[in-house]
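>>> just coords:
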């Protein structure tokens, strides 16, 4: 027996805590006993109030400015494609943009005639902030920055970028899927008007939970009327959803009460003291991979988080992931076209991604390193 499971795939989905699983099971039992709508009504104070307040505190936002979705991509697509851009507008993205965010931006470009420009990077992979400062102007309508990409661990300086953009009319959007729960995130300090994230990753919530912070000025700019809104806050007396002017007006209509209650429990646990500092474990992971012969690290940037990807010239990523799984070590195979402006353009078709969280230990990294060396010796 290879020993207990080592989960190095929190960037995909974190290990869901026992308390979250228990909450979800209790909700499902209650639905079976009393009915789904009846259970939702009974839990109205949790899933339609408490959860939003906890999420707002985690993000440093006002409760009226947060909304929940079933995926972060859905949250993004509920806002960005509705921006009223035109041929004279420029949109900035970074090379670390996720494909799920780029596709609606490309569709927006094709529909409106706006231009998309890619912010260049320095030789070490950091974003070129001097270039941004030199080229920002009032024709830049939207700037999209991925805080931490899913395929590598660079931490982009979202607060510094926010200060740079503040004097200009552009909207600032931040993809925080891999940062919320891993490092401190505060929308006021960032200065963004849109921030999206997933509940299932470093917050350790259930799958099917995600969220967005949408600033009032961005909601106003969307210029939608009631009939254009998919959903808004639930009216507990009628069961219908009504437009109330908050960010919830952008939500999707159907959602799982069990998932929402479980997400509330995950947020509760996070607020109660999930530690951010796992630097020792991440440094052990990086040192371990750097010491394995022929391993090529995909690790741009001067500031790194708990995510690393790597390749080996002779052993495919899928083989490495499968062999690690046989030894009860979770890693993940990533594909370059998920981050096409960075990975695919640099010839990274596939790679192995490993990610650490506060529940990982240096001993686990040692065991991972030994297993990886053994796999590469066998297969190379």
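Done, it's in. What you see is a predicted model, and the numbers here were worked out from it, not measured in a lab.
>>> only C-alpha atoms from now on, for both contacts and neighbour counts.
Fine.
>>> center of the chain, which residue is that?
The chain has residue 177 as the residue nearest its centroid, 0.8 Å off, counting by C-alpha atoms, centre = their mean.
>>> which secondary structure element is home to that one?
Counting by DSSP states H and E, no helix or strand carries residue 177.
>>> burial count for the nearest residue to it once chain neighbours are set aside?
Nearest residue to residue 177, sequence neighbours excluded (C-alpha to C-alpha, 6 or more residues apart in numbering): residue 197, at 3.9 Å. Neighbour count for residue 197, taken as other C-alpha atoms under 10 Å: 27.
>>> thought residue 155 was touching residue 307?
No - assessed by C-alpha atoms under 8 Å, residue 155 is found out of contact with residue 307, at 10.0 Å.
>>> show me what counts as buried in stretch 102-110.
102, 104, 105, 106, 108, 109 (16 or more other C-alpha atoms under 10 Å).
>>> and which of those residues is nearest residue 79?
residue 104 (10.1 Å; C-alpha to C-alpha).
>>> cross the buried residues of stretch 102-110 against helices and list the overlap.
102, 104, 105, 106, 108, 109 (DSSP state H).
>>> in CSV, list those along with pLDDT and distance to residue 82.
Below are those laid out as CSV (pLDDT from 0 to 100; distance: C-alpha to C-alpha, whole Å):
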residue, pLDDT, distance to residue 82
102, 96, 14
104, 95, 10
105, 96, 10
106, 96, 13
108, 95, 8
109, 96, 12
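>>> without its sequence neighbours, what residue ends up closest to residue 4?
Counting by C-alpha to C-alpha, 6+ apart, the residue nearest residue 4 is residue 328, at 6.8 Å.
>>> how about residue 170?
residue 141 is the one closest to residue 170 (C-alpha to C-alpha, 6+ apart), at 4.2 Å.
>>> repeat that for residue 37.
residue 31 (7.9 Å).
>>> next one: residue 304
residue 154 (4.6 Å).
>>> what values do phi and psi take at the one you found?
In terms of degrees, to the nearest 10, the main-chain angles of residue 154 are phi -60, psi 140.
>>> that one contacts residue 298, correct?
No - taking contacts as C-alpha under 8 Å, residue 154 lies outside contact range of residue 298: 9.8 Å.
>>> so which of these two has more stuff around it?
The neighbour count for residue 154 versus residue 298, taken as other C-alpha under 10 Å, is higher for residue 154 (25 against 20).
>>> for that one, give its distance to residue 185.
According to C-alpha to C-alpha, to the nearest Å, residue 154 and residue 185 sit 15 Å apart.
>>> next: residue 254.
In terms of C-alpha to C-alpha, residue 254 sits 28 Å off from residue 185.
>>> go on, residue 333?
27 Å.
>>> go on, residue 248?
For residue 248, the distance to residue 185 (C-alpha to C-alpha) stands at 21 Å.
>>> so between those two, which is more surrounded?
Neighbour count, other C-alpha under 10 Å: between residue 248 and residue 185, residue 248 has more, with 28 against 19.
>>> the more buried one against residue 69, yeah?
No - here residue 248 does not reach residue 69: they are 9.5 Å apart, not a contact under C-alpha under 8 Å.
>>> residue 286: helix or strand, and which one exactly?
Judged by DSSP H and E, residue 286 forms part of helix 279-290.
>>> and that helix, what other elements does it pack with?
Applying 3 or more C-alpha pairs under 8 Å, 6 or more residues apart in numbering; DSSP states H and E, one finds that helix 279-290 makes contact with helix 362-379.
>>> immediately after the lowest-mean-pLDDT helix or strand in the chain, which helix or strand?
The helix or strand of the chain with the lowest confidence, counting by mean pLDDT, DSSP states H and E, is strand 241-242 at a mean of 44. Toward the C-terminus, strand 241-242 is succeeded by helix 257-271 as the next helix or strand (DSSP H and E).
>>> thanks again, I'm all set now.
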